[in-house]
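In: dropping a prediction and its sequence here:
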Amino acid sequence: MKISKGLTLGLLKNPDFECDFVRFSMDELTINRAFWITKETFLAMDCARITLQGNRQLPIREFVSQWLSSRNTRFEWLKISWNGEEINWNDGFMKWSSANRGRNFKISSSKRVDCSKGTDFLREDGLLATVVTGEHSTIYFIVWHKRFQPEADGLQLDSW
């Protein structure tokens, strides 16, 4: 089945459910109860916007590294449940500077992410990205296709 725009999956929690590799390629992917997503499936996702809630431990640092070494200009953001893994993002990357990008990122028509405490990554082609931990054990990985978004300042903070 080919889906190009968006897919939302809401599965019941079932400890016996298993799914082999799945290749997702679409504009927007939302999976509630993403406990079944494997590392291989996660790293192969080719979606512009990804929301995974209730996921098992997935290699967010590897996902970011993969994006950094790619030429992917389609990707916009990832919102994922934090699994408690401590990751040091400060090894050679940049802290937020208001000269480089805005504080808030517009994630939907009514929601924003405060990225002021995030860690920034500058890719070879000039694209700037940020990883920030949000409320309720959420990690966002955001690509700034538009670095300053004053229209996001008055929006409500995103949450689950």
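Out: All right, it came through fine. Numbers count the residues shown, from 1 in each chain.
In: lowest average confidence, helix or strand, in this protein?
Out: strand 94-95 (a mean of 82; mean pLDDT, DSSP states H and E).
In: and that one, which strands flank it?
Out: With DSSP bridges as the test, strand 94-95 is paired with strand 119-122 (antiparallel).
In: show me which residues of the helix or strand just after the strand it pairs with are buried.
Out: With elements assigned by DSSP states H and E, the helix or strand that comes after strand 119-122 is strand 128-134. Within strand 128-134, the residues that count as buried by 16 or more other C-beta atoms under 10 Å are 128-132, 134. C-beta here means a position set from N, CA and C on the backbone, and glycine is covered the same way.
In: go on, stretch 18-28?
Out: Result for stretch 18-28 [16+ other C-beta under 10 Å]: buried residues 24, 26.
In: with stretch 48-61 instead?
Out: For stretch 48-61, using 16+ other C-beta under 10 Å, the buried residues are 48-53, 55, 58, 60.
In: how many residues are close by Ser4?
Out: Using other C-beta atoms under 10 Å, Ser4 has 8 neighbouring residues.
In: now do the contacts for it.
Out: 26-27 (C-beta atoms under 8 Å, 6 or more residues apart in numbering).
In: having no further points to raise, I will conclude here.
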